[in-house]
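Engineer: Mind looking at a prediction? Sequence and model below.
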Amino acid sequence: MKKEFLSGHEVTLVHSGTDFFDLLVKWIDQSISSIYFQTYIFADDITGNLIAAALKRAALRGVDINLLVDGVGSYALSSEFIDGLISAGIDFRFFSKLPWHGITQAGRRLHHKVVVFDQQAVLIGGINVANKYNDINDKAWFDFAVLVKGPVVKLAEGVCIQINSRRFYKLPKEKVQKGIEGGVKVRIMQNDWFRRKNEISAAYKTTLKDAKEEIIFVASYFIPSPRLLKILLTAAKKGRTIKIILSGKSDVALMRAAMYYLYRKLLINNARIFEYKASVLHAKVCIIDRKIVSVGSFNMNHLSEFLSVELNVDILDEAFAGNFADELALVMQNDCEEIILADFAKSHTLLRQFLTFISFHLISWSMHILSLFYKSDSKKK
């Protein structure tokens, strides 16, 4: 069943770096009743301590704070750091804390990056709490979030409460919220195979098929499932303009090699590929026909589609989508190198073809096997 957009929202695009973290501290400092905070990485570094200090200040003035971090992404947090949060009155928890009781528990990770403030606003995106997403020493990793005010904020809080409660079976259905006339249309989208939520991947399949003119992807770990890749290539064959911004500097070398394997197939089908060079690219964005934008934690790969707990926000608004597309056009022009098929063919030697082939299939099959293990394990519970 297609999930409907709700009207009546105010939406602001937020960039990684000081733009994001200054806004996050501002909203924490002005919160008066509750904060739900869920993230994959919360680091004990300058940025992590900045946000931890703001959360402690809020807790000490009586704000109810629930902080849930992933047991793999945030495994390095010390007991001293955690005790400091708890002693301030923060309800701190790990999602599937290590050490695990078997490798299958390593599969399903909390990949959310979401903060809900006082049921008044929600910050959703792909930005973790760590120095590399901030402008500390080097340019921040390239990423985005959106600040949303309006009816879906309560839905986002409901998602956080459900995950935080650890009641993963037979969770109550989301209560239908009525939109408000005017404003921007928004919907909160989840992906979590374990809870039979596949809203993001299903919406991608639908919107890509329905695209009439242009598809823009910004993708950090771009290893789409065969079905999603087929839909994307079909759109290209139908004459849709396909622009994909990928990382020229990846934090995972094997992943970059695996993505490189797809370049030829995309290029010969007239997709345009741009490698971002200014810093590491970590964003997960899709813009369809300058009308619909999807921003959040969902990567175009098997882990996000079938394993991790993901959260995106979709925005249906031509002004917002058009402005975002224009901004990305400048990024492609100023901060990227376009990959041209003729040049790619010259550099793509037989040895490189073989290495990227191995990388692609190694990552694809490892993701697939992990998901099969986890699905098998979850059916026994």
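Structural biologist: Arrived safely.
Engineer: Surely residue 328 and residue 218 touch.
Structural biologist: Yes. Between residue 328 and residue 218 a contact is recorded at 6.7 Å, counting by Cβ atoms under 8 Å. Where you see a C-beta, it was placed from the backbone N, CA and C, and this is true even at glycine.
Engineer: number of nearby residues for the nearest residue to residue 11 once chain neighbours are set aside?
Structural biologist: Distances taken as Cβ to Cβ, 6 or more residues apart in numbering put residue 184 closest to residue 11, at 4.8 Å, once the chain neighbours are dropped. By other Cβ atoms under 10 Å, the residues close to residue 184 number 19.
Engineer: what's the answer for the one 3 residues further on, then?
Structural biologist: Here the count is done by other Cβ under 10 Å, and residue 187 has 20 residues near it.
Engineer: what do you get for residue 22?
Structural biologist: Look at residue 22: counted by other Cβ under 10 Å, it has 13 neighbours.
Engineer: A helix includes it, no?
Structural biologist: Yes. Assessed with DSSP: H, G, I helix; E, B strand; the rest coil, residue 22 lies in a helix.
Engineer: Sketch out the low-pLDDT regions of the chain for me.
Structural biologist: With pLDDT under 70 as the threshold, the chain has low-confidence stretches at 1, 98-107, 166-180, 250-257, 347-352, 354-381.
Engineer: any chance you could map the helices in it?
Structural biologist: 18-30, 46-60, 79-87, 152-165, 199-210, 226-237, 253-261, 263-268, 302-306, 318-334, 341-347, 350-380 (DSSP state H).
Engineer: Tell me which of these sits most buried.
Structural biologist: Most buried of the helices of the chain, by mean neighbour count (mean count of other Cβ atoms under 10 Å): helix 302-306, with a mean of 24.
Engineer: Keeping just the C-alphas, turn that one into PDB.
Structural biologist: Taking only C-alpha atoms (Å, rounded to 0.1, in the frame of the first residue of the first chain), the coordinates of helix 302-306 have been written out as PDB:
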ATOM      1  CA  HIS A 302      21.600  -4.900   0.200                       C
ATOM      2  CA  LEU A 303      22.300  -4.000   3.800                       C
ATOM      3  CA  SER A 304      19.900  -1.100   3.900                       C
ATOM      4  CA  GLU A 305      17.300  -2.900   1.900                       C
ATOM      5  CA  PHE A 306      17.200  -6.200   3.800                       C
END
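Engineer: What's the separation between the residue nearest to residue 332 when sequence neighbours are not counted and residue 264?
Structural biologist: Closest residue in space to residue 332, ignoring its immediate chain neighbours: residue 274 at 4.7 Å, by Cβ to Cβ, 6+ apart. If you measure residue 274 against residue 264 using Cβ to Cβ, to the nearest Å, the figure is 16 Å.
Engineer: in the sheet, who's paired with the nearest residue to residue 155 once chain neighbours are set aside?
Structural biologist: For residue 155, the nearest residue in space outside its immediate sequence neighbours is residue 188; the separation is 4.9 Å by Cβ to Cβ, 6+ apart. Beta-bridge partners for residue 188, by DSSP bridges, are residue 313.
Engineer: pretty sure residue 188 is in contact with residue 160, am I right?
Structural biologist: No. Because the distance of 10.6 Å does not satisfy Cβ under 8 Å, residue 188 is recorded as not touching residue 160.
Engineer: what sits against residue 21?
Structural biologist: With contact taken as Cβ atoms under 8 Å, 6 or more residues apart in numbering, residue 21 is in contact with 47, 50-51, 133-134.
Engineer: can you give me the strands in the stretch 101-250 of the chain?
Structural biologist: Under the criterion DSSP state E, counting those that start in this stretch, strands of the stretch 101-250 of the chain are mapped to 113-117, 121-125, 144-149, 184-192, 197-198, 214-219, 241-247.
Engineer: Residue 95 is nearest to which of the helices of the chain?
Structural biologist: Proximity to residue 95, assessed across the helices of the chain by Cβ to Cβ, is greatest for helix 152-165 (7.5 Å).
Engineer: So which residues make contact with the closest one?
Structural biologist: 6, 9, 36, 38, 66, 68, 93, 95, 110, 112, 114, 116, 119-122, 124, 148, 171-172, 174-175, 177, 186-188, 190, 309, 311, 313.
Engineer: Let me know the distance separating the nearest residue to residue 216 once chain neighbours are set aside from residue 320.
Structural biologist: Computed as Cβ to Cβ, 6+ apart, the closest residue to residue 216 that is not its neighbour in sequence is residue 287, at 4.3 Å. Computed with Cβ to Cβ, the distance linking residue 287 and residue 320 is 10 Å.
Engineer: Contact partners for the residue nearest to residue 332?
Structural biologist: Counting by Cβ under 8 Å, 6+ apart, residue 274 makes contact with 243-246, 332, 336-339.
Engineer: got a markdown table for those, with distance to residue 75 too?
Structural biologist: Shown next, in a markdown table, are these (distance: Cβ to Cβ, whole Å):
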| residue | distance to residue 75 |
| --- | --- |
| 243 | 36 |
| 244 | 32 |
| 245 | 30 |
| 246 | 28 |
| 332 | 36 |
| 336 | 33 |
| 337 | 35 |
| 338 | 38 |
| 339 | 36 |
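Engineer: of the residues you listed, buried ones?
Structural biologist: 243-246, 332, 336, 339 (16 or more other Cβ atoms under 10 Å).
Engineer: just to revisit the earlier point, of the contacts of residue 21, closest to residue 238?
Structural biologist: The shortest distance between residue 238 and any of the contacts of residue 21, using Cβ to Cβ, involves residue 133 and amounts to 36.7 Å.
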